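1. turn this into a structure:
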Amino acid sequence: MIGPVLICRNSASSLSSGLLGNGCLFAPLEPPSALPGYLGSTSYSAVLTEHRSEISFEAEESTDSSTGLVVEPDRLQSGVDVLRFLYNLTVFDMLIARYYVRTLNVIVPKIVMDELLRSVRQIFAGFSGDPTAQLQELANQTFQNTSRPMRTHKSMSVEEYCSSFTGRNLRWEALGSIFALCGMQLVITPDNDPDVMQSSDDPRTKDQLLEQVTVISTVCLGFCDQASSANELLAMLQYNDTMLRTQQYGDSSKTFPFCMISSYRFTDRLSGYQAWRRLGDLVSTIYAAGLHLETNGAENCPFFLRQWRRRCFIGAFYMDKMIATFVGRPPLMNGRFCTLAAPLDLSDEVLVAGGDVLSKAISALDSAGWNSEGKLHPVTSPRLRYHLAIIREETLEVVLGTREQHNLIQKSE
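-> Here you go, the predicted model:
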């Protein structure tokens, strides 16, 4: 039965309002070792680096705290509630499988999500008896992991990458996308779907579940915000959460922003503003994690992850231009400050295979990076939308720009 699975002792709405189980507000949580994220050539760190020989200063190397993070009891209980909900949710595998079957427009690679789900199932399968104590330990460990920055290196394999946020390294950024993807699939799921109803006679079962996973996605974002760690997993969660909100609060038969923008509507101003604010958080993460620059951290990043980060960036870039068009506001991302390069039109299987398989596939692409075999990969459609987003950004500069426009006719054409 899904109906009784409520993540809060009072109601799901208490979590959506930023409250913990006992009504206490989230306490601020930012470990002293939190990294500042991407810092460009005009930052304070660049000045110190440039004049290192002239200043008796050495940047302190970031290290993980040996004492561990102390998680407040109320916050820990909120994490336990989230994990207990997932533990009792028997349909998350089915919903996510349906999601990946019906769409190629995914930000979280299926390879990554499959490994995450496998890890979660394995953890839960190891529970015995009353899972409360085991859920508390898992929640505490997940908070510890999320408080630490993710590490990558050039020769990292996909298995090693996935292990950095699964199993004993489980992170809230990864778990949050499970709920967001379940929500996006539930939006288009019929109310009487037998797999969702599970013998329940309550016609509101699906809508209640949709509300719950939406709230929990928000809670996971709150956990990540408090940890102050910017990475591609957080950006993926923020993207999926924004997509979920634009779909849930609009016409459920359409999937804005990947539809004709004139046919989409928000049911009220508040929900539209919520999506706009979530988009702002996503853009902040893109910049803080340096995902807008191809060269940022490239020397410590495997090729497949660089391509996945590109996919995450172009998803946010496209969404930004579509929502800006719909609400008539300036875009939050400016392409002039970004490395405008789409990911190569390759399958995820080829990306993670590496070696000769990858080299051969790259050599078979055309000069623009498209595959010449007419195949549709998860990145094929986003590549097209990315190029359209560049045109849309130029159009918005003409339509929304306030400065005197030169060569307006030529620009418009």
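2. and for stretch 334-350, what are the contacting residues?
-> Identification of contacts with stretch 334-350 by C-beta atoms under 8 Å, 6 or more residues apart in numbering yields 109-111, 292-295, 304, 307-308, 310-311, 313-314, 317, 357-358, 361-362, 365, 369-371, 375, 377-380, 382-383, 386-387, 390, 393. Backbone N, C-alpha and C define where each C-beta goes, glycine included.
3. let's see it at 6 Å
-> With contact meaning C-beta atoms under 6 Å, 6 or more residues apart in numbering, stretch 334-350 is reached by 109, 111, 292-294, 307, 310-311, 314, 358, 361, 369-371, 377, 379-380, 383, 386, 393.
4. restricted to helices, list those.
-> 111, 307, 310-311, 314, 358, 361, 380, 383, 386, 393 (DSSP state H).
5. ok so, going back, any of the contacts of stretch 334-350 buried? List them.
-> Buried subset of the contacts of stretch 334-350 (neighbour count, 16 or more other C-beta atoms under 10 Å): 109, 111, 292-294, 307, 310-311, 314, 358, 361, 371, 377, 379-380, 383, 386, 393.
6. burial check on the closest residue to Ser155 other than its chain neighbours, number of neighbours?
-> Distance criterion C-beta to C-beta, 6 or more residues apart in numbering; nearest residue to Ser155, sequence neighbours excluded, is Pro302 at 7.0 Å. The local packing of Pro302 (other C-beta atoms under 10 Å) involves 20 other residues.
7. and for Thr295?
-> Thr295 is flanked by 8 other residues according to other C-beta under 10 Å.
8. and the pLDDT for it?
-> Here the pLDDT value assigned to Thr295 is 76.
9. what does Thr325 give?
-> Note on Thr325: pLDDT of 90.
10. wait, a helix at it?
-> Yes - with DSSP: H, G, I helix; E, B strand; the rest coil as the criterion, Thr325 is assigned to a helix.
11. can you tell me how far it is from Met319?
-> Per C-beta to C-beta, to the nearest Å, Thr325 is found 11 Å from Met319.
12. those two: which is more packed in?
-> For Thr325 versus Met319, neighbours defined as other C-beta under 10 Å are more numerous around Met319 (26 against 19).
13. element containing that one?
-> helix 303-327 (DSSP states H and E).
14. output the below-cut-off pLDDT ranges for this protein.
-> Scanning the chain for pLDDT under 70 picks out 1-67, 199, 228, 250-272, 296-297, 403-405, 411.
15. which residue is nearest the middle of it?
-> For the chain, the residue nearest the mean C-alpha position is Met236 (1.7 Å; C-alpha atoms, centre = their mean).
16. ok, now which ones touch that one?
-> For Met236, counting by C-beta under 6 Å, 6+ apart, the contacting residues are 107-108, 177, 312.
17. can you lay out the residues you listed as JSON lines showing neighbour count and distance to Thr214?
-> Shown next, in JSON lines, are those (neighbours: other C-beta atoms under 10 Å; distance: C-beta to C-beta, whole Å):
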{"residue": "Ile107", "neighbour count": "26", "distance to Thr214": "18"}
{"residue": "Val108", "neighbour count": "26", "distance to Thr214": "17"}
{"residue": "Ser177", "neighbour count": "25", "distance to Thr214": "13"}
{"residue": "Cys312", "neighbour count": "27", "distance to Thr214": "21"}
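18. and those, which of them are in strands?
-> Among the contacts of Met236, no residue falls in strands (DSSP state E).
19. identify the farthest-apart pair in those.
-> Greatest spatial distance among those (C-beta to C-beta): Ser177 and Cys312, at 11.4 Å.
20. from the contacts of Met236, pick the one nearest Phe223.
-> Each of those was scored against Phe223 by C-beta to C-beta, and Ser177 proved nearest at 13.1 Å.
21. I figured the closest one hits Asn240, correct?
-> Yes - between Ser177 and Asn240 a contact is recorded at 5.3 Å, counting by C-beta atoms under 6 Å.
22. where does Asn140 sit: helix, strand or coil?
-> Secondary structure, three-state DSSP: Asn140 is helix.
23. against Gly280, how distant is the residue nearest to Ser155?
-> Distance from Pro302 to Gly280, by C-beta to C-beta: 30 Å.
24. again, but for Arg102
-> Taking C-beta to C-beta, one finds Arg102 at 29 Å from Gly280.
25. neighbour count for the two, which is higher?
-> Per other C-beta under 10 Å, whichever of Arg102 and Gly280 has more neighbours is Gly280, with 14 against 11.
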